[in-house]
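> Predicted model, plus sequence, below.
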Amino acid sequence: MRAVRLLVWLAGSALCVGMARAVGPVDQPDLIKHRAIVYFATAFVGLTIGVLVWERRPDSRTGLLLTALPFVEVLSQARWIFWNHALPVTIGFASMSLYAPVFAHLILSYPTGRLTTRLDRVFVAVVYAYATTSALLFLLFFDTRAPHDRYEIECWDCALPLTHVAWRDVHRASHVLDLTLLVVAPAFIGLLIRKLLRATPGGRRIELPLSIAAFAAVAQLLAHFALNGSPDSPWTDTPWFWISIVVSLAVPLSLGVGLFFGRRARSAVADLVVELQRTPPGHVQEALARTLGDPSLELALWLPDQASYVDSRGAKVELPAAGPHRAVTVLGSSDSPVAALLHDPALLERPGLLEAAAAAARLALENERLQAELRAQLSELRASRARIVQAGDDERRRLERNLHDGAQQRLLSLGLALQLARAELGAEANGASSLLVEAEDELRAALDELRELARGIHPAILTDQGLGAAVRSLAERSSVPVRIVSLPGERLDESTEAASYFLVSESLANCAKYAHASTVRVSIARRNGNAVVDIDDNGVGGADATRGSGLRGLSDRVQALDGTFLLESPVGGGTHVHAEIPCAS
Amino acid sequence: MRVVIADDSVLLREGVSRVLADEHFEVAAKVASADELLESIAAGAPDVAIVDIRMPPTHTDEGLVAAHTIRRRWPDVGVLVLSQYTETEYALRLLEGGEQRCGYLLKDRVLDAGQLASAVRRVGNGEVVVDAELVARLVDRPRHGSLLDELTAREREVLALMAEGLTDRGIGERLFVTPKTVETHIRHIFAKLQLPEGAADNKRVHAVLTYLRT
């Protein structure tokens, strides 16, 4: 590709030099000769900047369009300079109208080289169609040797375009086409303003110099049109010649200045360095967004352990594919990235700014990355804690079920068998019979114990009927009178129900054992997406959650579900357990 | 009396069936699931269906659900639910289908042939049965400043028997007093506990159990 660009540049330069020299032999005043040199030198500058931009940003179409612009300009002059050769005349006519569409395409697609909105695409297509029509008009029907032509050239040795078909008076049609420029030019200005308004502040800063140059070019065209009745300014008109030279230099220069010099960028980076010292962790993204002028900027931090990008909260981020609306810049080397910036593609016009900002933010980013890593680990830890609690509950449920469906059923059948055995023995063996009665009594006691054991592990009523029924059942069994203030009527999610239930169960057990309370109040209410559990007794107080495994375990269980647990137990002031557990649903 | 037995454990099914046969019941069918139970009742209605509360597929409260279906579709068939749990909630759910021809008995009672037979017979005769252990726990639970303290010892006895589902005559027989006396006791109990008069007739077991658990 580099060879292609070099070739294009050499060809363009040769063309500029050749054309400038060719003006010489023509019998023209010196004035024209000097202006030709200035004109083609301007084109050469434009060409050179265009190729450099193309070289620097090969993936953007901007460089290509910027290169095409002086080419079109230079080639269109061929019809005057080599007026008596058919090929140059044809090329000249073919390229004379192309300047406007290439120009519009370049400006509206800057900086990505892609037209992002439908309206822009339609507009540029219309302008290309306009140029083609107007070129065809001249290529097919224009004849300098025809009489009464409006240009009144009547040049008998002028060459006809190779594509000439027949003479038609193109005067009127050409004039109508010129007048359409009066609609197209304001429309272009409107689209350009729209583009600037839609850009991010950073993007606007980048687009502004070129946009001003474009405004100037269009204003020049309209002014010339208004004053002279034609959009084309001949070299003989001194003021217009210099104005048009300045304007055509302004476009490539404004682009080159933005690209090669980044004074404002450096001062912005200096501000960033200062700002980062005051930036708390987790806010580097905002600081970068401000510096680069792109509020949509997102920071993705690379975690080598997970081999993935995360945001500052530790949540996973997928890098999007680069497109016309989003660009990705990876900071650090490609095999060990530090972070990636997801940003407005306009910022790619200032790779220097991006790199400088990233270098300035490097330490802060490293810090940010460690924080994000920590947060990712924390959220993973929290999730795994909740999973462990869940697994414990599942296991308890399974155990309870197995006790009922296995051991209990077997003991019952054993009891039935003993009964039958006793019946078979009848009155014959008194001793054996009384032994059997004893065994049956033992068996009944075992069944009672088994039932209470299963209940303690995980009551079936909690699974089947929910928290309300299960807590009421606890209250029935409590040795301290329980007053139930409120219970949820609806089912909550499994983990919340289990945590609330065991909280009440353990608190009531503690109350019975240590509190010497005469009454205990239980309240479970749903508030703001939380199950709010309160258990208050009027006992002696002095309970300590850090001592004894019961309350400690409950506090852990509640916290594993991201809830809060509070124990207040002043000596002589009763015990108050308060917990808030988020409901998953 | 014709009975059907539904329990997913074959050992228990056979054991209970033998105990009841010895007590002169006619065991019409022995089934392993709620669906089979409903089919067998449709084929020939028994006097009492004896239903395990835990049955396939989820082993939670299939028995209770089946009991409700039976009571709705065949009001003349009694339902005795055998349960592993001494939970008032389940007994109340059963009673919500109407206070007749139903019972909630702890499964351990199958080991006491006399108790089991008497419960089946009572249900078959249209009475209500609530397991005595469950009632005892409710009556004996500690209370603080309760209206129950106002009751005499005899009235407490009557209250407990009422909660077990016994009729006035049944209570009288247990306590060796006339039904008339029992009626007087019950009137006093309702007045002292401030229970609504209307509940005394056909919803008294539910009313008393609800009162006792709160």
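Cool, got the structure.

> ok, residues contacting stretch B:110-127?
Stretch B:110-127 has contacts (C-beta atoms under 8 Å, 6 or more residues apart in numbering or on different chains) with A:412, A:415-416, A:419, A:440, A:443-444, B:1, B:3, B:12, B:15-16, B:19-20, B:22-23, B:25, B:47-48, B:50, B:78-80, B:82, B:100-103, B:105, B:109, B:128-129, B:165-167, B:170. To be clear about C-beta, it is placed using only N, CA and C from the backbone, and glycine gets the same treatment.

> Could you pull out the buried residues of the helix or strand residue A:176 falls within?
In the assignment (DSSP states H and E), residue A:176 maps to helix A:171-198. Within helix A:171-198, the residues that count as buried by 16 or more other C-beta atoms under 10 Å in any protein chain shown are A:174, A:177, A:181, A:184-185, A:188-189, A:191-192, A:195.

> near chain A, which residues of chain B?
Counting by C-beta under 8 Å from any C-beta of the partner chain, chain B comes close to chain A at B:9, B:11-12, B:15-16, B:18-19, B:22, B:54, B:59-61, B:84-90, B:107-108, B:110-111, B:113, B:137-138, B:141-144, B:213-214.

> Turn the buried residues of helix A:171-198 into TSV, including distance to chain B and pLDDT.
TSV is the format used below for those (distance: C-beta to the nearest C-beta, whole Å; pLDDT from 0 to 100):
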residue	distance to chain B	pLDDT
A:174	88	79
A:177	83	80
A:181	81	82
A:184	75	87
A:185	78	88
A:188	73	90
A:189	73	90
A:191	67	90
A:192	70	90
A:195	64	87
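
> for these, which one is nearest residue A:12?
For the buried residues of helix A:171-198, the minimum distance to residue A:12 (C-beta to C-beta) is 25.8 Å, reached by residue A:188.

> Apart from its neighbours in sequence, what residue is nearest the closest one?
Using C-beta to C-beta, 6 or more residues apart in numbering or on different chains and skipping residues adjacent in sequence, the residue nearest residue A:188 is residue A:104, 5.6 Å away.

> can you check residue A:390 too?
Going by C-beta to C-beta, 6+ apart, residue A:390 has residue A:495 as its nearest residue, at 5.8 Å.

> give me the residue from chain A nearest chain B.
Residue nearest to chain B within chain A: residue A:416 (3.2 Å; C-beta to the nearest C-beta).

> The residue nearest to residue A:188 should be in a strand, yeah?
No: according to DSSP: H, G, I helix; E, B strand; the rest coil, residue A:104 belongs to no strand; its state is helix.

> Surely it and residue A:187 touch.
No: taking C-beta atoms under 8 Å as the definition, residue A:104 is not a contact partner of residue A:187, at 9.5 Å.

> Quick check: neighbours shared by those two?
With C-beta under 8 Å, 6+ apart as the test, residue A:104 and residue A:187 both reach residue A:123.

> can you pull the contacts of the residue of chain A closest to chain B?
B:11-12, B:15-16, B:18-19, B:110-111.

> From those, which one has the minimum pLDDT?
The pLDDT minimum for these sits at residue B:11, where the score is 86.

> On the three-state scheme, that residue is what?
Under three-state DSSP, residue B:11 comes out as helix.

> which non-adjacent residue is nearest residue B:104?
Nearest non-adjacent residue to residue B:104 (C-beta to C-beta, 6+ apart): residue B:91, at 4.0 Å.

> Excluding chain neighbours, give the residue nearest to the residue in chain B positioned nearest to chain A in space.
Here the residue of chain B nearest chain A is residue B:15; by C-beta to the nearest C-beta that distance is 3.2 Å. Excluding the flanking residues, the one nearest residue B:15 by C-beta to C-beta, 6+ apart is residue A:416, at 3.2 Å.

> rewinding a little: now that we have the residues of chain B next to chain A, which of them are buried?
B:9, B:12, B:15-16, B:18-19, B:54, B:59-61, B:84-90, B:107-108, B:110-111, B:113, B:137-138, B:141, B:213.

> ok so, going back, ok, now which ones touch the residue nearest to residue A:188?
Counted by C-beta under 8 Å, 6+ apart, residue A:104 has contacts A:123-124, A:127, A:188.

> Throw those residues into JSON lines and include secondary structure and distance to residue A:167, thanks.
Formatted as JSON lines, those follow (DSSP: H, G, I helix; E, B strand; the rest coil; distance: C-beta to C-beta, whole Å):
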{"residue": "A:123", "secondary structure": "helix", "distance to residue A:167": "34"}
{"residue": "A:124", "secondary structure": "helix", "distance to residue A:167": "33"}
{"residue": "A:127", "secondary structure": "helix", "distance to residue A:167": "28"}
{"residue": "A:188", "secondary structure": "helix", "distance to residue A:167": "33"}
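
> What's the first helix or strand after the helix or strand of chain A with the lowest mean pLDDT?
Scoring the helices and strands of chain A by mean pLDDT, DSSP states H and E places helix A:263-278 at the bottom, with a mean of 67. As assigned by DSSP H and E, the chain's next helix or strand after helix A:263-278 is helix A:284-292.

> tell me how far the helix or strand just after that next one is from the chain's mean position?
Remark: after helix A:284-292, the chain's next helix or strand is strand A:298-303, criterion DSSP H and E. Offset of strand A:298-303 from its chain centre (C-alpha atoms, centre = their mean, to the nearest Å): 12 Å.

> How about stretch A:420-435?
For stretch A:420-435, the distance to the chain centre is 84 Å (C-alpha atoms, centre = their mean).

> Which helix in chain A has the most residues?
Determined from DSSP state H, the single longest helix within chain A is helix A:362-402.

> Run through the neighbouring helices and strands of it.
helix A:284-292, strand A:298-303, strand A:308-310, strand A:337-343, helix A:430-457, helix A:460-465, helix A:494-510, helix A:549-560 (3 or more C-beta pairs under 8 Å, 6 or more residues apart in numbering or on different chains; DSSP states H and E).

> Make a markdown table from those and add mean pLDDT to it.
Compiled in a markdown table, those are given as follows (pLDDT from 0 to 100):
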| stretch | mean pLDDT |
| --- | --- |
| helix A:284-292 | 81 |
| strand A:298-303 | 84 |
| strand A:308-310 | 84 |
| strand A:337-343 | 83 |
| helix A:430-457 | 87 |
| helix A:460-465 | 90 |
| helix A:494-510 | 92 |
| helix A:549-560 | 83 |
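
> Any chance of JSON lines for these, columns mean neighbour count and distance to residue B:65?
Formatted as JSON lines, these follow (neighbours: other C-beta atoms under 10 Å in any protein chain shown; distance: least, C-beta to C-beta, whole Å):
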{"stretch": "helix A:284-292", "mean neighbour count": "22", "distance to residue B:65": "56"}
{"stretch": "strand A:298-303", "mean neighbour count": "23", "distance to residue B:65": "52"}
{"stretch": "strand A:308-310", "mean neighbour count": "20", "distance to residue B:65": "49"}
{"stretch": "strand A:337-343", "mean neighbour count": "21", "distance to residue B:65": "56"}
{"stretch": "helix A:430-457", "mean neighbour count": "14", "distance to residue B:65": "21"}
{"stretch": "helix A:460-465", "mean neighbour count": "22", "distance to residue B:65": "11"}
{"stretch": "helix A:494-510", "mean neighbour count": "23", "distance to residue B:65": "21"}
{"stretch": "helix A:549-560", "mean neighbour count": "18", "distance to residue B:65": "32"}
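
> I'd like the next helix or strand past the helix or strand of chain B with the lowest mean pLDDT.
The weakest-scoring helix or strand in chain B, judged by mean pLDDT, DSSP H and E, is helix B:199-202 (a mean of 65). Using DSSP H and E, the helix or strand that directly follows helix B:199-202 along the chain is helix B:204-213.

> Can you give me the buried ones in that following helix?
Buried residues in helix B:204-213, counted by 16+ other C-beta under 10 Å: B:204-209, B:211-213.

> Make sure the residue of chain B closest to chain A is indeed in a helix.
Yes: assessed by three-state DSSP, residue B:15 belongs to a helix.

> check contacts around it.
By C-beta under 8 Å, 6+ apart, the contact list for residue B:15 reads A:412-413, A:416-417, A:420, B:110.

> re earlier: same list (the contacts of residue A:104) but as CSV, adding distance to residue B:35.
Below are these laid out as CSV (distance: C-beta to C-beta, whole Å):
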residue, distance to residue B:35
A:123, 73
A:124, 73
A:127, 78
A:188, 79
